[in-house]
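Trainee: My questions concern the predicted model and sequence given below.
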Amino acid sequence: MNLFADIRALVIDALGALQAEGTLPAGLDFANVSVEPPRDAAHGDMATNAAMVLAKPAGMPPRAIAEALAAKLMADPRVAGADVAGPGFLNMALAPAVWHGILRSALIGGRAFGSSDLGAGQKVNVEFVSANPTGPMHVGHVRGAVVGDALANLLAFAGWDVTREYYINDGGAQVDVLARSAFERYRQAHGLDPEIREGLYPGEYLVPVGEALKDAFGASLLDQPEEAWLAKVREFATDRMMQMIRDDLAALGVRMDVYSSEKALYGTGQIEAAIDTLRGMGLIYEGTLEPPKGQLPEDWEPRVQTLFRSTAHGDDVDRPVQKSDGSWTYFAPDIAYHYNKVKRGFDQLIDIFGADHGGYVKRMKAAVSALSNGRVPLDIKLIQLVKLWKNGEPFKMSKRAGTFVTLRDVVEMAGADVTRFIMLTRKNDVALDFDFDKVLEQSKDNPVFYVQYANARVNSILRKAREAGLEVDDAVLAGVDLAGLNHPAEIAMARKIAEWPRLVEIAARTNEPHRVAFYLYELASEFHGLWNRGNDEASLRFLQDDPATSQAKIALARATGVVICAGLGILGVTPVEEMR
RNA sequence: GCACCCAUAGCUCAGCUGGAUAGAGCGUUGCCCUCCGAAGGCAAAGGUCGCACGUUCGAAUCGUGCUGGGUGCGCCA
């Protein structure tokens, strides 16, 4: 249940009644009427802009509309007060029973509280990570993995049918480089000196792959020419890399539903079919691209290529799908892959890319737009860089890879839960500092700790209550009399809890999981504030002498804990019950 | 040259399909606490929301044009 939606429905009903009795003219459009929490709590619990939005079409002064509306709304038992303010806002105060109802919903709903049918079961595909299978995952991949996974959780919570997907770039030249690099390690496993030439992957993670190649193939490949072993070694090494990547993802708590292979698109006619489909739409032609203005590539010369008329779907220039030698560009299999996703029946596609792929967004959207006849929206989230810090300076070293810090390094140093939370403390398109010292600090400065601590305090209350012999199971708490919960600080806590279902819908609509992390921080902040007031005002403590009063206050605390657990669940972070 | 992203308090950042006096944390200043309802609390100061026009009853939010920073720009993915 979403309280804001309920109250909005109430407002719309009241407006309809005003129309029926002739106070308002017929035929008004209520689409822009909104009900929101006021920025300033002094303005009440809910505010609607109805009077201002309707003033012009109704030909009436906003305050007149607002006053008529206020009178109607007051008839509902949920509305305890309705005042016209400012240019025509209608501020409503809600009856305490409304907030008590929210708390019961949270206690009954548990971690499902705030879930929604906004997505209406529509199928959405979230493609993320899609790291090249040439080595272990590094820091650059971590943020994309976390954002993608949390977004998938969020959308599932909001009623979408979600598929998490990884696109394996195993069709290009880089997997040949991997094969050659692994072959050198294979020679090394036989006691020969590896020649890690310029351009090969030097990482030591390939040493065990060389050993495994030796176990699998013995000495049979040693004196063979490259043509004889390349395909075998490539497949072997790629499989090993993908296993490593799956393990890395698992360490971060990420599990994919589908792994799609670029290589598997070749030789199946899928690329040809996708391009032919575009050709049938008149969107493929032979032509020559203009050179980019300004800095001209040194070896530029005009070439005739097979081009996709992406400009017909919003791109700036048309894009090549075939090289001059007739082979496909990297864009062609990507088109085929996205066509594949469209044909699998997804209603919506989401790609999570690194920010350095920003230039790729328009052409990809153009391709999906063309291939789905505009039916399937593609949203592309660009993930900005993560800068690692330790001891006040940039952190660069890696035990395994030599050149880059791996996902494993980060998870081992900070833990998966901390890593995931911190990665969501920034909007996806701004850079993020990840300071190993700060993220592990146990203080208010650390948002992970702060949120976890709030939930730990809730659990501490529950423990103590049980020790005192109180019934505090959720089902029991949901049934207790909450009428005593009427202190402004307690109502404020409930108000924050009531925002959760609305926040979920906003975050899901915008595909922005970071909003959940920020909300949890605010929720925790509200709870710690209430807790601290208990130090001065004994009546605000959660544990009281009177069992019934205690139970009511514990219901409030537990409802907060329920939302924290639900939110952390979306972020993929394990709630802790006790700080140590 | 073009496209995309970013620009909000001294610092790091939020800001709801356009809403009221623009928020949080850190830092600064003042007061309080030394309590396991531990891993601090309360309060204050601090802003031309990069700039300029425009749309609107109303703009940090939308549009146009600029400034500054980042990313990218045909046979690499």
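Mentor: Sure thing, it's come through. Just so we're clear, the structure is a prediction, and the values are computed from it rather than from any experiment.

Trainee: Look at the residue of chain A lying at maximal distance from its centre and report its pLDDT.
Mentor: Distance from the C-alpha centroid of chain A peaks at residue A:223, with 49.8 Å (CA atoms, centre = their mean). On pLDDT, residue A:223 comes in at 91.

Trainee: And it, its phi and psi?
Mentor: In this entry, residue A:223 is assigned phi and psi values of phi -100, psi 20 (degrees, to the nearest 10).

Trainee: show me what contacts it?
Mentor: Counting by CB atoms under 8 Å, 6 or more residues apart in numbering, residue A:223 touches no other residue. Heads up, the C-betas are built off the backbone N, CA and C, glycines and all.

Trainee: again, but for residue A:188
Mentor: Here residue A:188 is in contact with A:194, A:207, A:210 (CB under 8 Å, 6+ apart).

Trainee: Find the least confident helix or strand in chain A, judged by mean pLDDT.
Mentor: Ranked by mean pLDDT, DSSP states H and E, the helix or strand of chain A with the weakest confidence is strand A:393-394, at a mean of 86.

Trainee: what's the next secondary structure element after it?
Mentor: helix A:407-414 (DSSP states H and E).

Trainee: which parts of that following helix are buried?
Mentor: Buried residues in helix A:407-414, counted by 16 or more other CB atoms under 10 Å: A:407, A:408, A:409, A:410, A:411, A:413, A:414.

Trainee: Quick one: name whatever helix or strand follows that helix.
Mentor: Note on helix A:407-414: by DSSP H and E, the next helix or strand toward the C-terminus is helix A:416-423.

Trainee: what's the spacing between that following helix and its chain's center?
Mentor: 13 Å (CA atoms, centre = their mean, to the nearest Å).

Trainee: That helix versus helix A:407-414: what angle between them?
Mentor: Taking axes from the mean of the first three to the mean of the last three CA atoms, to 10 degrees, one finds helix A:416-423 and helix A:407-414 inclined to each other by 100 degrees.

Trainee: For helix A:416-423, enumerate the helices and strands it packs against.
Mentor: When contacts are defined as 3 or more CB pairs under 8 Å, 6 or more residues apart in numbering; DSSP states H and E, helix A:416-423 sits against helix A:139-157, helix A:407-414, strand A:432-435, helix A:436-439, helix A:447-467, helix A:547-571.

Trainee: quick one: low-confidence ranges for the stretch 351-500 of chain A?
Mentor: Counting by pLDDT under 70, the ranges of the stretch 351-500 of chain A that qualify are A:397-402.

Trainee: Can you confirm whether the least confident helix or strand of chain A lies near RNA strand B?
Mentor: No - for strand A:393-394, no contact with RNA strand B is found by CB under 7 Å from any atom of the strand; the gap never falls below 14.4 Å.

Trainee: Identify the residues contacting that strand?
Mentor: Against strand A:393-394 from outside (CB under 8 Å, 6+ apart): A:387, A:388.

Trainee: partner strands of it, parallel or antiparallel?
Mentor: Sheet pairing of strand A:393-394 (DSSP bridges) gives strand A:386-390 (antiparallel).

Trainee: Tally up the residues packed near the residue in the stretch 351-500 of chain A that RNA strand B sits nearest to, please.
Mentor: Of the residues in the stretch 351-500 of chain A, the one nearest RNA strand B is residue A:359, at a distance of 2.5 Å by CB to the nearest atom of the strand. If you count neighbours by other CB atoms under 10 Å, residue A:359 ends up with 8.

Trainee: what residues are up against it?
Mentor: Under the criterion of CB under 8 Å, 6+ apart, residue A:359 has no contact partners.

Trainee: if you set the cut-off to 10 Å instead, what comes out?
Mentor: residue A:316 (CB atoms under 10 Å, 6 or more residues apart in numbering).

Trainee: Also the one 10 residues further on?
Mentor: Taking CB under 10 Å, 6+ apart, we find residue A:369 in contact with A:310, A:312, A:313, A:314, A:315, A:375, A:376, A:377, A:378.

Trainee: now do 6 Å
Mentor: Contact analysis of residue A:369 by CB atoms under 6 Å, 6 or more residues apart in numbering lists residue A:313.

Trainee: and it, that's in a helix?
Mentor: Yes - Residue A:369: assigned to a helix according to DSSP: H, G, I helix; E, B strand; the rest coil.

Trainee: what's around residue A:396, how many residues?
Mentor: Residue A:396: 10 neighbours (other CB under 10 Å).

Trainee: make that residue A:128, sorry
Mentor: Using other CB under 10 Å as the criterion, the residues surrounding residue A:128 number 26.

Trainee: can you check residue A:34 too?
Mentor: Using other CB under 10 Å, residue A:34 is surrounded by 14 other residues.

Trainee: Quick check: the residue nearest to it when sequence neighbours are not counted vs RNA strand B, distance?
Mentor: Spatially, and ignoring its direct neighbours in sequence, residue A:34 is nearest to residue A:49 (5.7 Å; CB to CB, 6 or more residues apart in numbering). The gap separating residue A:49 from RNA strand B is 4 Å, by CB to the nearest atom of the strand, to the nearest Å.

Trainee: if I read this right, residue A:132 contacts residue A:169, doesn't it?
Mentor: Yes - contact criterion CB atoms under 6 Å: residue A:132 and residue A:169 qualify, at 4.9 Å.

Trainee: Identify the residues contacting the most centrally placed residue in chain A.
Mentor: The structure's chain A has its C-alpha centroid closest to residue A:151; by CA atoms, centre = their mean the separation is 2.5 Å. Listed by CB under 6 Å, 6+ apart, the contact set of residue A:151 reads A:126, A:511, A:513.

Trainee: Which helix or strand contains the closest residue to residue A:555 other than its chain neighbours?
Mentor: Nearest residue to residue A:555, sequence neighbours excluded (CB to CB, 6+ apart): residue A:477, at 4.1 Å. Under the criterion of DSSP H and E, residue A:477 resides in helix A:474-479.

Trainee: Report the angle between the helix or strand immediately after that helix in the chain and helix A:547-571.
Mentor: Using DSSP H and E, the helix or strand that follows helix A:474-479 in sequence is helix A:488-510. Regarding helix A:488-510 and helix A:547-571, their directions subtend 20 degrees when assessed with the same axes, to 10 degrees.

Trainee: does RNA strand B sit close to the helix or strand just after helix A:488-510?
Mentor: Downstream of helix A:488-510, the first helix or strand assigned by DSSP H and E is helix A:514-536. Yes - counting by CB under 7 Å from any atom of the strand, RNA strand B is contacted by helix A:514-536 at A:514, A:515, A:518, A:521, A:525, A:528, A:529, A:530, A:531, A:532, A:534, A:535.

Trainee: and the third one, how many residues sit next to it?
Mentor: When counting by other CB under 10 Å, one arrives at 17 neighbours for residue A:518.

Trainee: again with the second one
Mentor: As a burial measure, residue A:515 scores 17 neighbours (other CB under 10 Å).

Trainee: That's all I had, so thanks and see you.
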